[in-house]
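Chemist: Quick one, fold the following:
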Amino acid sequence: MKLIRKTSVAFILFLILIINSCYAYEPNYKDPNVINDIDIVDQETGLRLRDYVWYLPDSFASQLDDCMDSEGTYTKEGLKKIAEEGNKSIGIKVEKLDSSNEDYNKILNKYKDELYKDPKNNNNYVISAFKINITKKSNFEFLSAPMGTKVVIPLRRVTKSGEIQNRHFEHNVGVYVLHKDPSTGDVIKPLNTEDADTYISNPKKGLNDLVVADVQDGDCIFVATKKMTKIPENMMPGVYDTRVELRHFSDYGIYSMGNPAIIKKAKLVVDKYGKKKLYFSAQPMNFALDRGHLLQFWQVDKATDKKYEASIEDRYTDETNEKEYPKTFSLPLLSNDPIVNGKVYVDVMSKPGMPGIQPTELAITIEPFNGEKCLSIKNYKPDGKYETGTIGIESANDFSTNSLETHKKKSRYIITSNSDGTVNVKLIDSDLYLSDEKDIVIKGNGADGNEIKYEAECNNLVEKEVFDSKGKSLGIKKVTNDFVIKNINLEKTQTNGFDEMLYITNGYIKDKNGNLKKNPRYSFWKINPYDVKSLNLNKSSLENEIKEAEKINQKNKTKEAFDELKSAITKAKEILSSATEQAQIDNANKELQTAIEKFNSSKDQSTQTNDEKDKIYNLPVELKHLVEDQPSMGAGALISPAKVNIKGNTATIDLTFKGIKVMNIYGHLTDAFTYTDNDRYKNPIKMDVVESVNDTDLNGKERSFPKVLRFTMDKDKFIEAAKTGIYLQVWVDAMDSLNEQNKNINKDEFYDKYTKGVGRQTARLFIDTSKMKENDNQSNPSNPSNPSNPSNPSTPGYSFQNLAIERSALGSAMASASASMSKGADSNLVAAMARAGAIANNPYASREEILSATQALNNAVINNKGSMNNQNNNNSWGNNNQGWGNNSGWGNNNSSWGSYGNNNQGWNNNSSWGVYNNNQNNNKNNGPVTIQYEVPVEVLHAYQDGYSMANGAINHIARVEERNGQFRYSVQFNPLEREFNGQKLVGNLTHLFIHDGNKYLAEQSSGNVWSWVMNGKYNRVNISVKVDVMDQIAVNEQKAILSFNWNAAREVGRVGGNNNQNQQNQNQQNQQNQQKQAPQVVQN
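Modeler: Modelled structure (predicted):
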C-alpha cells in the first residue's frame, strides 16, 4: 500500500506539472529578446496579441526608428519601449462565440463539410471561435490602422480551474478568419496551415501556439478540428517518411500521457501488394519523478476489437540505468484510417496503483503542416507490376482542337520492375506514337540535373501516313502507340526537381481528324507515388481460408447448410484461379468467411423448433465468471428467476437485483450493459431500468437503486446465447469505491463525485431455456433488495423449499473445512470443498444434495491427511532422505522474511540466503548441492493484460532452491488492504493452488510463506488463490499467474555436497541449466 500511495503521489505531481506548464506563458517585458516576449495577453482566454506596432498611438511613430538597429531588427531596448507603450495604450479583449452567433454560423455553414464530428464529443464539431477587439486605453489615432497583426491561440490550454480549452490537434486543425469590410461586406478566408510559422511549440515552456496572421480589429477567428486525410489507398512500393503521435483514447483534443515515449518521425513501408507497415521508434520519457519506457504496443481492430502486438525490430540502451528497451516497433496497418486504435504498455505506468496497459490512438499525419511534409516518399522499391492513376502530359505544340486534352484525362502508366531495380514504363490509353526512325529521342533528367537517355521497345508497328506539325505529308511510316520505355531509375528521375519524368522528341500525336502529326517534344509527367495500384495478386489469405473451410465436417448440421458451405468453397476456388484483380480475391475471401460463420451458427438438425410467440416464461438464471465455471463476484446480487417475454422474433429479458456485500461493504448494482451481437469486444448497450428500489447505500443512507433491468435480443440469438452465456457488464458502487480513482472522496460527497464504472466487471449470464413452460399470467418477479429477507416467486418446473437450516449447516461445515485447509489439505478435502461450494451457490440445490455435500465435507475434514504437496513430495529428496530444511535452514530460522509493511525487500536482507545460523556446518553436509536463488516475482491477471489485485500483497522477491534438477519455489503474501470511508478492509490469502497439469495445494509455513516443488526454472506458473474476504461474495477461487523474472535472478548461496569434485560437477550442470530458456507453464 505504501508503494501504491507513493506512485499515486508521483502521478498527482506529474499532473500538477502538466497543468502549470499549460498556462505557463508569461510575457518577458523586462528582458525581451524577440517579439514573442512582449505579447499582450487576454487573461480570460489566454489569447495573445503579437506584432501590434501598427496599433500603437500615432505619436509613437517618431520613436519607431529608435527601436530598430541598422538592419531593421528590433533591439532589446526597442522591444522594451514597444511593450511599455503597448501595455499603456492598447489591450486585447476576446469575445467567445458559439452557435447563437451569426458570424459563427456563417463560417460553419461554409466549411462544415471539411470539419470533423468527434464521437468523443458526442458527435459534435470541435470548435473554438473568438471575436478579436483591440481596445484603446485613451483617445488617440492608431499609428497606421487598419493593418494586420498576429493573434496567438494556445491549443489545449489548461486553466487554473482545470478546464481544457481549445481542444485541437495542430495537424488536423482548420483556421478561418471572417473580416467585416464596410465596402465589400463579410470576407471569410481560410488560413493555410501548410505555411511555416503557423504553429510554434515549446513543450518546456508549455507553449503549443497557433499563430493567426493578418488579423484586424473586429475580426472573428474560427478554429475547428478537421477531418484527417486518409492514408492513400494505392501507393507505390517503397519507404515513406511520415509523422505519428499518441492521442488520448477517450477524451477529445488532447494527447496521450504516453505521447512523449515515441519519436514523432516514423516510416511507412509499402510492399509489392500495396500492403502497408508502419515503423515508429520509442524513447525514454520523464513521468513525474520517474522515467518511463514503452515496452509493448498493440494495434486493435476497430471492427472486431482483436489485438495484434507490434513486432520489436531493435533496441536501445537507456544511459541512466544501462538497461535495454525496445526501440523500433513495426505493425501492419489493418486499414487506411489515419487513426489506429491501440494499447500501450509503459513500465512506469504499470506499477502498483497505476493504470497499467492503456488504450490509445496512434495518429498518422498525411497532410503537410507548418512548412513540413508529413508524408513523403524516401525510397522507391518497385517489385512486380503496377498501374498509375492519370498522368500529366504536355505538348510542345498547342493542338487546341486535337485529342490532347482528352488524352490527359485518361492516359496512365503500366510499370513493370526489373531485377536491377529499374522499371519499364508503358503508356496506355494514349494517342502518342513512336516510329522506327532514328531521329526519335527519349531522355530524362537525373537527380544531379544531367540528362539520361532511354531506349524504347516498339511493338505492333503498322504503316500509316504521317504529317508535319503544319499538316504537310511526310509519307508512309511504321508507327505504334504500343511502346515500352526501358530501364528507368525512379530514384533518379523522380527526385530531379522537375515536373517531368522524361520527354520524347520527334514523336507523333493524333489531331482531331485522326491524323498523326509530328511533335517536336512532348513530356511525361512524374509518377504520383500516392496513386499507384498494385497489379500483383496476393492469394495467400484466400488459399489459407479454403484449406480451413475444407477441414469442416457436417456433424449435426443440416445437409442444406453443409451443401451451401461446399458451394461457397467451390466458388472461392474458381475465383482463386481466374481472378485478375486483388479486389476479386479479397471479396472472395470475405464471402467464404461469411459462409463459414453462417454454417457454424446454423441450427443443429436435432434442435429445429417452431417459433413461439407472445409467451412469458420465468426461467432459472445465474451469473457466472467471465471465463471460469464458477459464480461471478456479483452472482449474489442477481435474483432468480428471470422473466423472459417472447413476442415474434424478439426476446425481452427482465433481471431482478438486490444488494450485495463486497469485502464487508453493502453495495448495489448501479448500471448494467449487454453487448452488440453478444460480443464483449463490441459496443456496450445500456439496459433499461424497469423498476427501482430504495435501500441503504454505502454511507448507511437511503438511496434509490435499480431493481429490475431489461434488455432485448433476437429470439433465436437469445436461445443460443442463453446456453453459452450472455455477456453482461455490471457496475457496482461498492466495487467502484475500492478503485484508486475514488479513493480520496469524502464519504458524504461520494455519490456526487465518484467515477462510475471504474470497478466494472464483465460476467456471463446463463438462462435455462430448457425449462420453458408457458405462464401467460405470470407477473414480474418481485423480490425485496434486502439480502436478509429474500423471497423468490415460484418457477415452473422447480420447487423452492425453505432450506435455511440445511444451508446454514453447510456454511458451518465450509468454515470448518477452510480452517482445516489453512494447515494443509489432501485431495479428498479439496474435492469435497469444491463440491460444497458448487452446491452452496446453486439456488436450486435439493435438500438431499445439500445434506450430502455437508456430510461429505465433514468426513473429509476428519480424515484430512494434510497437504497434497507433502503427499506428492514426501518432503525428501533423492537417496539422502534429507528434507530441504536440513540443508538450507528452511523453517529453522526467521521465516517472516521481510516485513508486511515493505514487500520489496529481500528475505531477511541476507545477501547469502540459506547460510543463516551455521554456515560451516551446512557446507559440511553430505548429499547433493543445493543452489539458492532470489528471483523477482509479480502476480499477473489470468485473463487480461496487467497485474492481478494480489500483486500488491506479494513479496516481490521469491526464494527458489535447486537440487538434483528439481526446484523448490517459495513466495510470501502479506495482507491485502483497502480503505473506504475510514474503514480498513483486510483480506488474507488462505489457499494457494498450483496448476501444472494437475492441481495441488502449496505448502504453507509461518509468515504466510507458500512453497511447492517443480522440475525446472519457470517464467510463469499458473495458480489459483482463495482470499477470505472473497468467500463472502461466493467467489471460491481466483486464477492468476506468477511471473518469475529469471533474467534478473541472482544466486545467493550454495550448501551441501560430498566433496569438491561433486561441487564442480554440480556447478557445471547448473551453468548448463541456466543457459536453457526457462519454460512457461501453460496448463490449467
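Chemist: Tell me, how many residues neighbour Glu628?
Modeler: Neighbourhood size, Glu628 [other C-beta atoms under 10 Å]: 18. Bear in mind the C-beta positions are built from the backbone N, C-alpha and C, glycine included.
Chemist: count of neighbours near the closest residue to it other than its chain neighbours?
Modeler: Counting by C-beta to C-beta, 6 or more residues apart in numbering, Glu628 lies nearest to Lys1039, which is 6.6 Å off, once chain neighbours are set aside. Per other C-beta under 10 Å, the neighbour tally for Lys1039 reads 19.
Chemist: Surely Lys1039 touches Lys999?
Modeler: No: with contact defined as C-beta atoms under 8 Å, Lys1039 and Lys999 do not form a contacting pair (10.8 Å).
Chemist: which residues do these two both contact?
Modeler: Residues touching both Lys1039 and Lys999 (C-beta atoms under 8 Å, 6 or more residues apart in numbering) are Ser1024.
Chemist: Name the spans of the stretch 351-500 of the chain whose pLDDT lies under the cut-off.
Modeler: 352-355, 396-409 (pLDDT under 70).
Chemist: List the beta-bridge partners for the residue nearest to Glu628.
Modeler: Listed beta-bridge partners, Lys1039: Ser1024 (assigned using DSSP bridges).
Chemist: which ones are touching it?
Modeler: Counting by C-beta under 8 Å, 6+ apart, Lys1039 touches 627-628, 942-943, 1022-1024.
Chemist: Among those residues, find the lowest-pLDDT one for me.
Modeler: pLDDT across the contacts of Lys1039 is lowest for Tyr943, at 70.
Chemist: and the closest residue to that one other than its chain neighbours, how many residues sit next to it?
Modeler: Of all residues not flanking Tyr943 in the chain, Val627 sits nearest, at 5.1 Å (C-beta to C-beta, 6+ apart). By other C-beta under 10 Å, the residues close to Val627 number 13.
Chemist: wait, is Val627 part of a strand?
Modeler: No: counting by DSSP: H, G, I helix; E, B strand; the rest coil, Val627 falls outside a strand, being coil.
Chemist: Just list the residues touching it, thanks.
Modeler: 942-943, 1039.
Chemist: Make TSV from the residues you listed and add distance to Phe750 to it.
Modeler: What follows is these, written out as TSV (distance: C-beta to C-beta, whole Å):
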residue	distance to Phe750
Ala942	31
Tyr943	30
Lys1039	31
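Chemist: Of those, which is the nearest to Tyr74?
Modeler: If you rank the contacts of Val627 by distance to Tyr74 using C-beta to C-beta, Tyr943 comes first, at 64.0 Å.
Chemist: Surely that closest one touches His625?
Modeler: No: look at Tyr943 against His625 with C-beta under 8 Å: they stay out of range, at 9.3 Å.
Chemist: All the strands of the stretch 451-600 of the chain, in order from the start?
Modeler: Ranges of strands within the stretch 451-600 of the chain are 451-454, 456-459, 462-467, 473-480, 482-488, 500-505, 507-510, 516-519, 522-525, 532-534, based on DSSP state E, counting those that start in this stretch.
Chemist: quick check, distance from the first one to the centre of its chain.
Modeler: Using C-alpha atoms, centre = their mean, to the nearest Å, the mean C-alpha position of strand 451-454 is found 50 Å from that of the whole chain.
Chemist: Describe which strands that strand pairs with in its sheet and in which direction.
Modeler: strand 441-445 (antiparallel).
Chemist: Next, the buried residues of the partner strand.
Modeler: Buried residues in strand 441-445, counted by 16 or more other C-beta atoms under 10 Å: 442, 444-445.
Chemist: Contacts for that strand, please.
Modeler: 451-456, 485, 488, 492-493, 496, 498, 500-506.
Chemist: Write the ChimeraX selection for whichever of these are buried.
Modeler: To isolate the buried members of these in ChimeraX, using 16+ other C-beta under 10 Å:
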select :452,454,456,485,488,492,493,496,498,500,501,502,503,504
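Chemist: hmm, back to that, and Tyr943 and His625? Which one has more around it.
Modeler: Set Tyr943 next to His625 and count neighbours by other C-beta under 10 Å: His625 wins out with 22 against 13.
Chemist: Check that one and give its pLDDT.
Modeler: Listed pLDDT for His625 reads 82.
Chemist: contacting residues around it?
Modeler: Counted by C-beta under 8 Å, 6+ apart, His625 has contacts 631-633, 763-764.
Chemist: try it again with 6 Å
Modeler: Residues in contact with His625 (C-beta atoms under 6 Å, 6 or more residues apart in numbering) are Ser632.
Chemist: Repeat that for Leu592.
Modeler: 545, 568, 572.
Chemist: Now tabulate these in CSV and tack on pLDDT.
Modeler: Listed next are the contacts of Leu592 as CSV, based on pLDDT from 0 to 100:
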residue, pLDDT
Glu545, 93
Ala568, 91
Ala572, 92
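Chemist: Select only the buried ones of those in PyMOL?
Modeler: Command for PyMOL that selects the buried part of those, burial taken from 16+ other C-beta under 10 Å:
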select buried, resi 545+568+572
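Chemist: JSON lines please, covering the contacts of Leu592 and showing distance to Asp420.
Modeler: Listed next are those as JSON lines, based on distance: C-beta to C-beta, whole Å:
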{"residue": "Glu545", "distance to Asp420": "36"}
{"residue": "Ala568", "distance to Asp420": "44"}
{"residue": "Ala572", "distance to Asp420": "38"}
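Chemist: is it fair to say Gln312 lies in a strand?
Modeler: Wrong residue type there; residue 312 is Ile, not Gln. Yes: under three-state DSSP, Ile312 falls within a strand.
Chemist: pLDDT score for it?
Modeler: 97.
Chemist: Could you report the neighbour count for it?
Modeler: Neighbours around Ile312, by other C-beta under 10 Å: 16.
Chemist: same thing with Asn459?
Modeler: Considering only other C-beta under 10 Å, Asn459 is surrounded by 11 other residues.
Chemist: mind listing what it touches?
Modeler: Asp482.
Chemist: So it versus Ser411, what's the distance?
Modeler: For Asn459, the distance to Ser411 equals 17 Å [C-beta to C-beta, to the nearest Å].
Chemist: One more: His168?
Modeler: Counting by C-beta to C-beta, the gap from His168 to Ser411 is 41 Å.
Chemist: ok, those two, which is more surrounded?
Modeler: Ranked by neighbour count (other C-beta under 10 Å), His168 and Ser411 place His168 first, with 25 against 19.
Chemist: secondary structure class for the more buried one?
Modeler: coil.
Chemist: in the sheet, who's paired with the closest residue to Tyr933 other than its chain neighbours?
Modeler: Once flanking residues are discounted, Tyr933 sits nearest to Val960: 4.5 Å by C-beta to C-beta, 6+ apart. In this entry, Val960 is beta-bridged to Tyr933, Tyr969, by DSSP bridges.
Chemist: residues contacting Val960?
Modeler: Counting by C-beta under 6 Å, 6+ apart, Val960 has contacts 933, 935, 967, 969.
Chemist: Verify the stated contact: the first one with Ala1049.
Modeler: Yes: because the distance of 5.1 Å satisfies C-beta atoms under 6 Å, Tyr933 is recorded as touching Ala1049.
Chemist: Pop the domain breakdown of this structure in here.
Modeler: As recorded under automatic domain parsing, the domains making up the chain are 15-225, 238-378, 382-534, 540-607, 615-771, 804-862, 868-1075.
Chemist: now do the same end-to-end measure for stretch 491-500.
Modeler: 14 Å (C-alpha to C-alpha, to the nearest Å).
Chemist: mind starting the numbering at 4 from now?
Modeler: Okay, residue one is now 4; in that scheme the one you just asked about reads as stretch 494-503.
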